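>>> Attaching a predicted model along with its sequence, questions to come.
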Amino acid sequence: MPATKRPLDVDVDVLPPDGKGRAPVGRDGDNASEISRIIARWMDDFIRIPGTNFRVGLDPIIGLVPGLGDLLASSVGLVLVTEGIRSGLPISVLIRMGANVLINDAIGTIPGIGDLFSVWFKSNTRNLRLLNRWKTGDRTVRRSSRWFLIGFIGVWFVLLMFWIFVWFLVARALWAVIFQS
């Protein structure tokens, strides 16, 4: 009796997708890669506060280290954006994911307030949700991203003008102190 060959169970999603055609559905679209899930969990929901259902990740804890902590947390968060690029997400969704990381990083630089904001905002979980929604075929992600992008650019411009004004005032005060003495 000849031995029957069993087909090999091969994962065809080894190489990065080319970004053409429809978003993956079914088994490929159920969830993001394991590394993205791990990053979102560790950075945003790793520790449960005893007596509550509220969870805190390593992002706000790492952010307590001035300067370097927020840079490190943002760098780890960019792994999800990179997976979005590999998955062929449209530019509007990638910009939204990048904006989530930038917002978390920008506000995270404010001592104390930034870390509390990171506890609430959970940029990695938001980006994982966007990635999973796209992979499961939800096209409303793209549409809502356009309005988000318009709002984000507007808020960013207002904040930029505010910080330029603040730096101008600081420079003027320093000039007066240095050259008036």
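Great, that's in hand.
>>> Quick check: pLDDT value at the spatially most central residue of the chain.
A centroid search over the chain (Cα atoms, centre = their mean) returns Val101, at 4.0 Å, as the residue closest to the centre. According to the predicted model, the pLDDT of Val101 comes to 90.
>>> Show me what the lowest-mean-pLDDT helix or strand in the chain is packed up against.
Scoring the helices and strands of the chain by mean pLDDT, DSSP states H and E places helix 140-180 at the bottom, with a mean of 80. Packed against helix 140-180 by the contact rule (3 or more Cβ pairs under 8 Å, 6 or more residues apart in numbering; DSSP states H and E) you find helix 91-108, helix 123-135. For glycine as for every other residue, the C-beta is placed from the backbone atoms N, C-alpha and C.
>>> So which elements touch the longest one?
So that's helix 91-108. Where contact means 3+ Cβ pairs under 8 Å, 6+ apart, helix 91-108 is packed against helix 58-62, helix 68-86, helix 113-121, helix 123-135, helix 140-180.
>>> To Asp45, which of those helices lies closest?
Evaluated with Cβ to Cβ, the helices and strands packed on helix 91-108 place helix 123-135 nearest to Asp45, the distance being 6.8 Å.
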